[in-house]
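Visitor: Okay, here's the prediction I keep looking at, along with the sequence it came from:
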Amino acid sequence: MKLSMVIAGMLVMLIATLAQATTLKLSTDIDLLVLDGHKISGSLLKGADGLELEQGEHQLLFRVERAVSRNAQTAVNWVSQPQIVTFSTRTQSVVIRLPALQTLRDGKHFDKNPQFILVDERGLEVDSKRDALRPQAQVDLEQAMVQYNLDNKVASVPRFAQPMRRSAQAGNVLQDMATSQHRAERMLRLWYLQVDSATRQRFVMLMNALHTS
């Protein structure tokens with residue numbers, strides 16, 4: 001079987017998977033930090049209305065950043081403690097619904113008792129497990145989430161504790177495609193660099209299955 005046909009078949013499978021995906025919609029004041037054990041870069045989300053997640057279990061680490069009122073005359077930029085939420089997607093979309101955060105006092109209350117929920121496209125609450133991450137200054141958040149998921153805490157997902165191994169697999173896939181002069185492979189590499197974390201994971205699984213078949 002020609003490599004171009006294999007790649008085309010894999011792309012068809014990926015498109016079919018995305019057709020069943022759930023859209024994670026993010027408001028402008030939510031900063032997504034880690035998704036399913038992988039650190040998320042700002043460039044990935046720039047200009048995007050949301051991320052496409054394959055249906056199944058997911059884990060987000062995010063923080064809220066917005067201008068709030070210190071007093072009647074002064075506004076300050078408030079950044080929340082990093083928040084963890086684990087949930088399973090079975091709907092068309094998921095949105096993080098935040099409480100009213102208008103004042104610095106609201107922000108401090110949120111850090112002590114975060115009262116956000118996830119809702120689907122019908123406005124119904126999505127079952128989730130929530131926790132806060134309190135990392136030390138300058139800590140690598142991806143590594144902090146690895147440790148969190150190994151510690152069996154309330155929102156832990158042990159299988160997301162191996163992001164470095166998955167990143168290494170992805171790097172090997174990219175290296176294989178980078179050394180090839182095949183036009184289809186170069187196009188696939190460009191596509192890979194643009195898609196979200198969940199789609200990359202699915203692609204790596206397909207590549208591993210291909211290599212072992």
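Guide: Yep, that arrived. Numbers count the residues shown, from 1 in each chain.

Visitor: ok, and the helix or strand in the chain with the lowest average confidence?
Guide: The weakest-scoring helix or strand in the chain, judged by mean pLDDT, DSSP states H and E, is helix 163-178 (a mean of 49).

Visitor: now for the host helix or strand of Glu65, which elements pack on it?
Guide: In this structure, Glu65 sits in strand 56-69 according to DSSP states H and E. In terms of contacts (3 or more CB pairs under 8 Å, 6 or more residues apart in numbering; DSSP states H and E), strand 56-69 is packed against strand 30-35, strand 75-79, strand 83-89, helix 104-112, helix 141-150. The C-beta positions use only the backbone N, C-alpha and C, and glycine is treated the same way.

Visitor: Report the backbone C-alpha coordinates of that strand in CSV.
Guide: The C-alpha trace of strand 56-69 is given here as CSV (Å, rounded to 0.1, in the frame of the first residue of the first chain):
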residue,chain,number,x,y,z
GLY,A,56,-14.3,10.7,26.6
GLU,A,57,-12.6,11.8,29.8
HIS,A,58,-10.7,15.1,29.9
GLN,A,59,-8.8,17.2,32.4
LEU,A,60,-8.3,20.9,32.3
LEU,A,61,-6.0,23.2,34.2
PHE,A,62,-7.0,26.8,33.8
ARG,A,63,-7.0,30.2,35.5
VAL,A,64,-9.2,33.2,35.3
GLU,A,65,-7.7,36.6,34.4
ARG,A,66,-9.8,39.8,34.3
ALA,A,67,-10.0,43.4,35.4
VAL,A,68,-11.9,43.8,38.7
SER,A,69,-12.7,46.8,40.9
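
Visitor: Show me the shaky parts of the protein.
Guide: 1-20, 41-49, 136-138, 163-213 (pLDDT under 70).

Visitor: now with 90?
Guide: Counting by pLDDT under 90, the chain contains low-confidence ranges at 1-23, 25-28, 37-56, 70-75, 89-92, 134-140, 142, 159, 161-213.

Visitor: Buried by neighbour count: which residues of the strand holding Glu65 qualify?
Guide: 58-64, 66, 68 (16 or more other CB atoms under 10 Å).

Visitor: could I get the residues you listed as JSON lines with distance to Val95?
Guide: Formatted as JSON lines, the buried residues of strand 56-69 follow (distance: CB to CB, whole Å):
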{"residue": "His58", "distance to Val95": "14"}
{"residue": "Gln59", "distance to Val95": "17"}
{"residue": "Leu60", "distance to Val95": "12"}
{"residue": "Leu61", "distance to Val95": "17"}
{"residue": "Phe62", "distance to Val95": "12"}
{"residue": "Arg63", "distance to Val95": "17"}
{"residue": "Val64", "distance to Val95": "14"}
{"residue": "Arg66", "distance to Val95": "16"}
{"residue": "Val68", "distance to Val95": "21"}
